[in-house]
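[1] have a look at this prediction, sequence included:
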Amino acid sequence: MDYRVQGNDIIVYEPDLDLDETLDCGQAFRWKKIPSDHISTYEGAYLNDSLRISQTDKGSFIFHDTDENDFISKWIDYFDFETDYSELKRCFSEDETLAKACSFAGGIRLLRQNSWECLISFIISQNNNIPRIKGIIDRLCEHYNGCFPDADALAEETADSLGYLRSGFRAKYLADAADKVHSGITKLDEIAKLPIDDARNELKKIKGVGPKVAECVLLFGMYRTDAFPKDVWIKRVLAEYYPDGFPEFAAEKAGIAQQYLFHYIRNLH
């Protein structure tokens with residue numbers, strides 16, 4: 001990744017990024033595509049840091065109204081710009097199916113999200129579709145004056161008081177997650193450092209956090225790239241292409257490989 005400052009913007013050159021493939025693939029839910037004269041433009045936020053970003057050409061981007069300090073301190077990490085995705089895709093392509101997946105959607109990157117925001121987002125995601133997930137999260141942030149509430153704020157809510165979210169059965173899970181994080185029963189920073197099986201077990205102590213949500217929090221919110229979320233599409237990939245198990249050489253970065261496979265198989269069928 002290379003960048004330069006141009007007025008109030010940061011111009012970024014990164015061949016292994018596509019905004020549509022990365023920001024609208026179901027790993028984060030606070031990004032909205034807006035009309036523009038560019039290939040694509042998105043507005044969104046990471047906790048309370050907002051951003052407007054445009055793709056002007058293949059591998060070329062504008063981080064609008066962003067100073068260099070913010071870009072370095074926040075957005076380089078969020079977009080995982082310090083990871084060489086060209087090398088990752090080269091390694092993944094030793095496998096025939098992964099090679100096709102990387103070729104099909106080579107602009108996907110892992111967004112390094114906040115673990116708390118990610119936990120709440122994927123609790124909301126259960127048995128839900130992306131537009132509705134985004135709507136619930138929008139209502140949550142609107143209620144808190146445009147900010148994503150921290151655990152201390154959300155712990156003051158109850159399942160009943162969260163009725164404005166129209167999140168159904170998920171409200172009681174949100175209240176339990178907030179209470180456990182606020183009280184210190186669940187320490188997300190410590191969980192992120194545990195052996196992965198122990199981390200999974202700790203996350204699943206939160207009501208409503210099953211295997212898939214736990215894997216998503218580990219992968220997207222804690223950058224545990226060996227986490228491997230399995231939905232109906234990934235289960236289909238594993239059954240059809242990997243009946244003898246996922247390739248061992250890709251295990252350490254299996255979560256990133258999963259992103260390519262998910263996008264590929266979902267569009268293939």
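    Sure, I can see it. Numbers count the residues shown, from 1 in each chain.

[2] any idea how far residue 244 is from residue 259?
    Counting by Cβ to Cβ, to the nearest Å, the gap from residue 259 to residue 244 is 22 Å. The C-beta positions use only the backbone N, C-alpha and C, and glycine is treated the same way.

[3] okay, now residue 108: neighbour count?
    Applying other Cβ atoms under 10 Å, we find 26 other residues in the vicinity of residue 108.

[4] which one of residue 259 and residue 244 is surrounded by more residues?
    Shown here are residue 259 and residue 244; by other Cβ under 10 Å, residue 259 has more neighbours (23 against 5).

[5] for the more buried one, list the residues it contacts.
    Applying Cβ atoms under 8 Å, 6 or more residues apart in numbering, we find residue 259 in contact with 25, 27, 108, 110.

[6] can you lay out those residues as CSV showing secondary structure?
    Shown next, in CSV, are the contacts of residue 259 (DSSP: H, G, I helix; E, B strand; the rest coil):
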residue, secondary structure
25, coil
27, coil
108, coil
110, coil
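
[7] nearest to residue 3, of the residues you listed?
    Checking the contacts of residue 259 against residue 3 with Cβ to Cβ, the nearest one is residue 110 at 19.2 Å.

[8] do you know the pLDDT at that closest one?
    Residue 110 is assigned a pLDDT of 97 by the prediction.

[9] OK, contacts around it?
    Here residue 110 is in contact with 27, 80, 83, 219, 220, 223, 225, 255, 256, 259 (criterion: Cβ under 8 Å, 6+ apart).

[10] cutoff 7 Å now
    With contact set as Cβ atoms under 7 Å, 6 or more residues apart in numbering, residue 110 has these partners: 80, 256, 259.

[11] so the first one sits against residue 113, correct?
    No: with contact defined as Cβ atoms under 7 Å, residue 80 does not reach residue 113; the gap is 10.5 Å.

[12] pLDDT added to the contacts of residue 110, as CSV?
    Output for the contacts of residue 110, formatted as CSV (pLDDT from 0 to 100):
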residue, pLDDT
80, 98
256, 97
259, 95
